Structures are given as structure tokens and as C-alpha cells.
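# Task: produce atomic coordinates for the following.
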Amino acid sequence: MDTKTGNTGQGIPAQATSRAEAQNPTPTRREFTLAEMIDAYMANYAGPDRGNVGRLAYWRDALGERLATEVSPDDVADALAEYSLGRGRTYLGRDKQTGQARFKDRRHAARAPATVNRALASLGGV
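Predicted structure coming up:
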């Protein structure tokens, strides 16, 4: 038997537990929305993939208002299925006069599987 705490080795007495909790309180945690997490991630993102901005913008629009802890795999699968139905674009280069990127929408083609996979990987990075 420990003479300081009165612990017999059978478990921690209730009195010692409350003292330990008083000394080390559990930190208060705020739940974040997916949009807040994406914004924080992009504020610190220094990677080479410039397309990540657009893909994460899609996730922010699709699921951003939900708490991150409440986003289920089914929600992600549904949003990913919707994303895959979008029309793909072909990069045509930059406009000579303005320097703006030019794209051409592909009329009947859905996004390529690799594009959909990159969108899922972008969400996984957050």
C-alpha cells in the first residue's frame, strides 16, 4: 500500500483521479468545418501542384459547410461521383496578348479517371 495516496494497487482512488484532472484539464477543442481546414491547408501549401487550388475549391463548395468530423465516406463518394460527371477541359496555351490561360471544354467527355483520382488525393492531403 502506498502511504502517500492510500493506493493499494487495486486501482486509482476517486480522490486521486479528481486531483489529476484538476492539474491537467482536458483542452477545449473546437470542431472545424471542412472549409476552414481547406483554407488553413492552402494558407500553408507550398507544393508544386498548382491544380490543387481548383480541386480543393471544388471540395470546399461541395462539402465545406459540414463539420470535418461529420463528413462520411459516403458523402465523399457522392461528391466524387458528381465531380467525375463534369466536363473535362483541354489546355490550349496562353493568349498572346493578355497572357491568360486558354481552355477548351470537351463537349461529351467526362473527366478522366486520373483527374478524379487527383481530386480525391487532394482531399486526402487536407
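# Check the gap between residue 121 and residue 47 for me.
Distance, residue 121 to residue 47, using C-beta to C-beta, to the nearest Å: 12 Å. Any C-beta I mention is one placed from the backbone N, CA and C, and that applies to glycine too.
# Neighbour count for the two, which is higher?
The residue with more neighbours, out of residue 121 and residue 47, is residue 121; 12 against 7, by other C-beta atoms under 10 Å.
# What segments of the protein are strands?
87-94, 101-110 (DSSP state E).
# tell me what the longest one is packed against?
By that I understand strand 101-110. Other elements packing on strand 101-110 under the criterion 3 or more C-beta pairs under 8 Å, 6 or more residues apart in numbering; DSSP states H and E are strand 87-94.
# who does the strand it packs on pair up with?
Strand 87-94 has the following strand partners under DSSP bridges: strand 101-110 (antiparallel).
# buried set for the partner strand?
Within strand 101-110, no residue is scored as buried using 16 or more other C-beta atoms under 10 Å.
# Show me what it is in contact with.
The contact list for strand 101-110 (C-beta atoms under 8 Å, 6 or more residues apart in numbering) reads 84-95.
# Residue 122: how many residues sit nearby?
Residues near residue 122, counting by other C-beta under 10 Å, number 21.
# so how far is residue 94 from it?
In terms of C-beta to C-beta, residue 122 sits 24 Å off from residue 94.
# try residue 125
Counting by C-beta to C-beta - residue 125 and residue 94 are separated by 28 Å.
# How about residue 68?
To residue 94, residue 68 is 37 Å away according to C-beta to C-beta.
# Compare those two (neighbour count), which wins?
It is residue 68, of residue 68 and residue 94, that has more neighbours when counted by other C-beta under 10 Å, with 16 against 11.
# mind listing what that one touches?
By C-beta under 8 Å, 6+ apart, residue 68 lies in contact with 31-34, 37.
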